[in-house]
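just coords:
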């Protein structure tokens, strides 16, 4: 007898962009929407948008921390201190947002 797969929940927020998270009964998956290149030889002149799974994590906290790293890595930096400061800011923004939402639930 096989178990029926439960539904997948999607978590989107402007703070997470360009990424979003899906949750199933096993893990949290970090994904992003990707648009194919119409000039690719297999595209036949058409573009297609699809969800690309990037990483899988057992907890929402681990997924959010990875998104912080990905967002901090989205641009070039001329100094290490600039990268660290940006990473701290992105992480702090996500943490404050999650903390505020958790307080409103409790």
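Structure received. Bear in mind that the values here come from a model prediction, so they are computed numbers and not experimental data. Residues are numbered from 1 along each chain as shown.

Three-state assignment for residue 33, please.
strand (DSSP: H, G, I helix; E, B strand; the rest coil).

can you give me the helices in this structure?
Remark: helices assigned in the chain by DSSP state H are 60-72, 80-105.

which of those helices sits most buried?
Sort those by mean neighbour count, taking mean count of other CB atoms under 10 Å, and helix 60-72 sits at the top with a mean of 18. Using the backbone N, CA and C atoms, a C-beta is placed for each residue, glycine as well.

Let me see the contact set for the residue nearest to residue 58 when sequence neighbours are not counted.
Closest residue to residue 58 apart from its sequence neighbours, by CB to CB, 6 or more residues apart in numbering: residue 27 at 5.9 Å. Going by CB atoms under 8 Å, 6 or more residues apart in numbering, residue 27 touches 56, 57, 58.

quick one on the thing from earlier: worst average pLDDT in the helices of the chain?
For the helices of the chain, mean pLDDT drops lowest on helix 80-105, to a mean of 80.

Just want the angle from that helix to helix 60-72.
Counting by axes from the mean of the first three to the mean of the last three CA atoms, to 10 degrees, helix 80-105 points 140 degrees away from the direction of helix 60-72.

helices and strands around helix 80-105, which ones?
Under the contact definition 3 or more CB pairs under 8 Å, 6 or more residues apart in numbering; DSSP states H and E, helix 80-105 sits against helix 60-72.

Model confidence for the residue nearest to residue 54 when sequence neighbours are not counted, exactly?
Residue nearest to residue 54 in three dimensions, not counting chain neighbours: residue 30, with 4.8 Å by CB to CB, 6+ apart. Residue 30 carries a pLDDT value of 95.

returning to that earlier point: can you redo the contacts of residue 27 as TSV with neighbour count, distance to residue 93 and pLDDT?
Formatted as TSV, the contacts of residue 27 follow (neighbours: other CB atoms under 10 Å; distance: CB to CB, whole Å; pLDDT from 0 to 100):
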residue	neighbour count	distance to residue 93	pLDDT
56	15	24	95
57	17	19	94
58	10	23	93
